[in-house]
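**Student:** Sequence and predicted structure, then a few things I'm wondering about:
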Amino acid sequence: MSKAGINVDDPRWLREVLIKDESGSYIHQRKLTDPWQQWARGLDHTPTAREIIDFAQMLESQYILEGYGYREGSTIDWKALYMLLEQAQQAQQGGQ
């Protein structure tokens, strides 16, 4: 992701994943990590920031449809993320 200009440590783009076990307790699993690794291994190129964001949104949609969730208050402003992406791309094009 760093090659695409995405800072994965920026708290604006992080969410705390919650999955309930049989007892009703929330646990963290590799529910999202494993698909990310499979997706990245299947690419024949370094993904662009837009490809990464698009995959993240698709993965989130599947995660939510399956009934999983995030800790309250843990949200990503996808519109803001796309706006930052567009601004970065315009700045990069302007500097060339």
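**Tutor:** Arrived safely.

**Student:** what residues are up against the residue most central in space within the chain?
**Tutor:** For the chain, the residue lying nearest the average C-alpha position, counting by Cα atoms, centre = their mean, turns out to be residue 56 (3.8 Å). By Cβ atoms under 8 Å, 6 or more residues apart in numbering, the contact set of residue 56 is residue 76. C-beta coordinates here come from the backbone N, C-alpha and C atoms, glycine included.

**Student:** That one sits in which helix or strand?
**Tutor:** helix 49-65 (DSSP states H and E).

**Student:** Just the buried residues of that helix, please?
**Tutor:** 49, 52-53, 55-56, 60, 63 (16 or more other Cβ atoms under 10 Å).

**Student:** Next secondary structure after that helix?
**Tutor:** strand 69-70.

**Student:** average pLDDT for that following strand?
**Tutor:** For strand 69-70, mean pLDDT rounds to 70.

**Student:** ditto for stretch 6-22
**Tutor:** Mean predicted lDDT for stretch 6-22 stands at 72.

**Student:** And that stretch, end to end?
**Tutor:** 36 Å (Cα to Cα, to the nearest Å).

**Student:** What of stretch 59-77?
**Tutor:** 15 Å.

**Student:** What is the neighbour count of the closest residue to residue 75 other than its chain neighbours?
**Tutor:** Spatial nearest neighbour of residue 75, chain neighbours left out: residue 15 (7.1 Å); criterion: Cβ to Cβ, 6 or more residues apart in numbering. The number of residues packed near residue 15 is 17, by other Cβ atoms under 10 Å.

**Student:** Please look at residue 15 and residue 70 and confirm they touch.
**Tutor:** Yes. Using Cβ atoms under 8 Å, residue 15 makes contact with residue 70 at a distance of 4.8 Å.

**Student:** In this structure residue 81 contacts residue 50, no?
**Tutor:** No. Using Cβ under 8 Å as the test, residue 81 is too far from residue 50 to be in contact (10.3 Å).

**Student:** Perfect, that will be all.
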